[in-house]
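> model this:
(one chain, ligands or ions: 1)
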Amino acid sequence: MYQVFFRLFFRRMDPERAHRLAFGWIRLAARVPGLRALAFAVLAPRYPRLRTRALGLTMPGPFGLAAGFDKNATGIDGLAMLGFDHVEIGTVTGRAQPGNPTPRLFRLVPDRALINRMGFNNDGSAAVAARLAARRPAFRTTLGVNIGKTKAVPEQDAVADYVTSAERLAAHADYLVVNVSSPNTPGLRDLQATSALRPLLTAVREAADRAVPDRRVPLLVKIAPDLADEDVDAVADLALELGLDGIIATNTTIAREGLGLTAAPDLTGQTGGLSGAPLKDRSIEVLRRLYERVGDRITLVGVGGIEDAEDAWRRILAGASLVQGYSAFIYRGPLWMRAVHKGLAARLDASPYATLADAVGADTRKAAV
Ligand SMILES: Cc1cc2nc3c(=O)[nH]c(=O)nc-3n(C[C@H](O)[C@H](O)[C@H](O)COP(=O)(O)O)c2cc1C
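Have a look, this model is predicted:
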């Protein structure tokens, strides 16, 4: 039904406008207590065997919403209501900024993909921190907070910009993510080089500890699928060295491989990060590589091209303790999370693994022997 609605309605609309409208409806529904409870009961059924412990946190399942959908933390309850087991807000930057000129979001429907060059449009970490401080949650949700660099801040001051956001936001975060992998902020991805990443992650770790002395806020880094394999290994080694809690793999790609179906060059030729189905293979490859290197010493979060329960399950078998999605949510709609949970529970039941945790990395371990 959503597919029909999408074709008739959203598809004809500017993608960013459609996003704003749909997100507005989600927020509105979450404000009506009876509707909220009903939607939650229908869309977010719990499967006790999917209960997930990762990053020292307990979640009803492994499947969350990737960063970028709720950049300003305005709709966390609505997204939890739809069945996401965790919600990652952001990317939030040190200062508020408008992002790139529109149009900056493009749908490549035949390829089940998106290209975006939003450029971290957000209210800034002071406003988002104030919003989170004032929040009275309707549902207990695991909240990830993803931070990035303000565009106007010169690269040599990047660390201070991240530190400012970490200090403001860490107290509100169940986990904190340093995003160094969006392709739409010039120079950002250069921070993935270990020479830049080491001081950045060290400073953010210290800032989080300073801001929240009574709790160790888990810290993760989110990486690009475009890293060369040796650089993926280098980030993995650095994460171990620094005692990082997790790695999120991956962000969107600047590559255009796997785009075969969308005929319109005015879409495929857009600059920005490509997400959705064409990202699947490289994302899982990076995840596997990370798992081979870090095993279960670090929590791995698999994201990029997850479209259904089978994709999520494969990501878990490859080494992900948590999985996330964004693009398929646009194409599949509000029943998507329910279907993924149902399919994951069925796959776990049919598998030789007693728990989801036992399944994590099983395929990658098998391939290694
Ligand atoms: C419109 C859009 C905006 C995004 N914004 C962010 C962002 O602000 N920060 C971030 O870390 N990732 C951002 N992402 C990347 C997603 O979190 C995710 O890593 C990527 O889309 C791959 O997952 P998918 O194939 O399920 O969409 C964005 C993705 C899209 C499509």
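
> correct me, but residue 65 touches residue 327?
No: the criterion here is CB atoms under 8 Å, and residue 65 misses it with residue 327 at 11.4 Å. Placement of C-beta: from N, CA and C, glycine included.

> Quick one: neighbours of the residue in the stretch 151-300 of the chain that the ligand sits nearest to, just the number.
The nearest approach of the stretch 151-300 of the chain to the ligand comes at residue 275, 3.2 Å away (CB to the nearest ligand atom). As a burial measure, residue 275 scores 29 neighbours (other CB atoms under 10 Å).

> State the helix or strand in which residue 138 lies.
If you go by DSSP states H and E, residue 138 is not part of any helix or strand.

> Can you tell me the closest non-neighbouring residue to it?
Nearest residue to residue 138, sequence neighbours excluded (CB to CB, 6 or more residues apart in numbering): residue 77, at 4.5 Å.

> about what we covered before: shouldn't the residue of the stretch 151-300 of the chain closest to the ligand be within a helix?
No: Residue 275 is assigned strand when assessed by DSSP: H, G, I helix; E, B strand; the rest coil, not a helix.

> Need the per-residue pLDDT for it.
At residue 275, the model reports a pLDDT of 98.

> Could you double-check that it lies in contact with residue 303?
No: Residue 275 is beyond contact range of residue 303, at 9.1 Å (criterion: CB under 8 Å).

> Identify the contacts common to the two.
Here residue 275 and residue 303 have residue 326 as joint contacts, going by CB atoms under 8 Å, 6 or more residues apart in numbering.

> which ones are touching residue 114?
By CB under 8 Å, 6+ apart, residue 114 lies in contact with 15, 105, 106, 107, 108, 274, 275, 276, 327, 330.

> among those residues, which are in helices?
Counting by DSSP state H, the contacts of residue 114 place 15, 327, 330 in helices.

> what's across from residue 176 in the sheet?
Using DSSP bridges, the bridge partners assigned to residue 176 are residue 145, residue 219.

> Quick check: it touching residue 168?
No: Residue 176 is beyond contact range of residue 168, at 11.1 Å (criterion: CB under 8 Å).

> More neighbours: which of the two?
Between residue 176 and residue 168, residue 176 has the larger neighbour count (other CB under 10 Å), namely 27 against 24.

> residues contacting that one?
144, 145, 147, 166, 169, 170, 204, 208, 217, 218, 219, 220.

> circling back to that earlier point, now the contacts of residue 114 in TSV, with distance to residue 200?
As requested, the contacts of residue 114 are exported to TSV (distance: CB to CB, whole Å):
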residue	distance to residue 200
15	32
105	28
106	31
107	33
108	33
274	25
275	24
276	29
327	28
330	31
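
> Drop anything exposed from these.
Buried by 16 or more other CB atoms under 10 Å: 15, 105, 106, 107, 108, 274, 275, 276, 327, 330, out of the contacts of residue 114.

> and of these, the nearest to residue 4?
Relative to residue 4, the closest of these is residue 330; by CB to CB it sits at 15.2 Å.

> contacting residues for the closest one?
Residue 330 neighbours (CB under 8 Å, 6+ apart): 19, 107, 114.

> give me the beta-bridge partners of the last one?
For residue 114, the residues forming beta bridges with it (DSSP bridges) are residue 107, residue 275.

> pLDDT score for it?
According to the prediction, residue 114 has pLDDT 97.

> Against residue 323, how distant is it?
According to CB to CB, to the nearest Å, residue 114 stands 18 Å off from residue 323.

> Alongside the ligand, which residues does the stretch 51-200 of the chain contribute?
66-68, 71, 90-91, 105, 114, 116, 118, 120, 146, 179, 182 (CB under 6 Å from any ligand atom).

> Let's see the pLDDT reported for the spatially most central residue of the chain.
By CA atoms, centre = their mean, the chain has its centre lying nearest to residue 66, at 2.3 Å. Here the pLDDT value assigned to residue 66 is 98.

> Would you mind extracting the C-alpha trace of the helix or strand hosting residue 292 into PDB?
Residue 292 is part of helix 280-294, with elements assigned from DSSP H and E. What follows is helix 280-294 as a C-alpha-only set of coordinates in PDB (Å, rounded to 0.1, in the frame of the first residue of the first chain):
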ATOM      1  CA  LYS A 280      25.300  -2.800  -0.400                       C
ATOM      2  CA  ASP A 281      28.300  -4.800  -1.600                       C
ATOM      3  CA  ARG A 282      31.000  -2.300  -0.600                       C
ATOM      4  CA  SER A 283      29.400  -1.700   2.800                       C
ATOM      5  CA  ILE A 284      29.400  -5.400   3.700                       C
ATOM      6  CA  GLU A 285      32.900  -5.800   2.300                       C
ATOM      7  CA  VAL A 286      34.200  -3.000   4.600                       C
ATOM      8  CA  LEU A 287      32.200  -4.500   7.600                       C
ATOM      9  CA  ARG A 288      33.800  -8.000   6.900                       C
ATOM     10  CA  ARG A 289      37.200  -6.500   6.700                       C
ATOM     11  CA  LEU A 290      36.700  -4.700  10.000                       C
ATOM     12  CA  TYR A 291      35.400  -7.800  11.700                       C
ATOM     13  CA  GLU A 292      38.400  -9.800  10.600                       C
ATOM     14  CA  ARG A 293      40.600  -7.200  12.200                       C
ATOM     15  CA  VAL A 294      38.800  -6.400  15.400                       C
END
